[in-house]
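> Below is the structure, and that's it, no one-letter string:
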């Protein structure tokens with residue numbers, strides 16, 4: 001269970017880094033510090049759910065909840081990448097990355113709640 005969670009968290013962080021390093025193109029003036037900081041802040045916002053999940057995993061808080069959270073988060077990550085970069089149907093497809101962290105945080109909260117309820121049920125039995 002822990003290895004599976006670790007793989008999913010690594011996958012999510014890896015995809016986020018891939019998007020940041022190789023897929024984010026545009027008119028970014030790499031000489032202007034403000035442009036670089038804006039892009040870095042946006043990519044950090046995209047990575048926040050994965051960073052939070054990694055911290056929970058490392059601190060061994062709610063192992064079942066972390067695994068349950070990682071599954072829909074990884075699936076949503078794949079869907080966002082596919083919709084934006086593989087099979088883009090419109091010019092606004094990249095806007096999914098604006099709402100992606102919020103959806104992933106909701107998935108994480110629900111998964112942690114399910115894991116907490118599971119752990120409470122196991123302790124009672």
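Arrived safely, thanks for sending. Note that this is a predicted model, so its numbers are computed, not measured.
> buried sites along the strand or helix carrying residue 109?
Assigned by DSSP states H and E, residue 109 belongs to helix 96-124. Under the neighbour-count criterion of 16 or more other C-beta atoms under 10 Å, helix 96-124 has 97, 100, 101, 104, 105, 107, 108, 111, 112, 115 buried. Heads up, the C-betas are built off the backbone N, CA and C, glycines and all.
> pLDDT score for residue 102?
Residue 102 is assigned a predicted lDDT (pLDDT) of 95.
> just to revisit the earlier point, now find how far off-centre the helix holding residue 109 is within its chain.
13 Å (C-alpha atoms, centre = their mean, to the nearest Å).
> Buried ones in the lowest-mean-pLDDT helix or strand in the chain, by neighbour count?
Every helix and strand in the chain was compared by mean pLDDT, DSSP states H and E; the lowest is helix 33-58, with a mean of 87. Using 16+ other C-beta under 10 Å as the test for burial, helix 33-58 gives 43, 46, 47, 49, 50, 53, 54, 56, 57.
> Hmm, the first one is touching residue 23, no?
Pointing back at residue 43 there. No: Residue 43 is beyond contact range of residue 23, at 10.7 Å (criterion: C-beta atoms under 8 Å).
> Now do the end-to-end distance for stretch 57-65.
10 Å (C-alpha to C-alpha, to the nearest Å).
> Now that stretch: buried residues?
57, 62, 64, 65.
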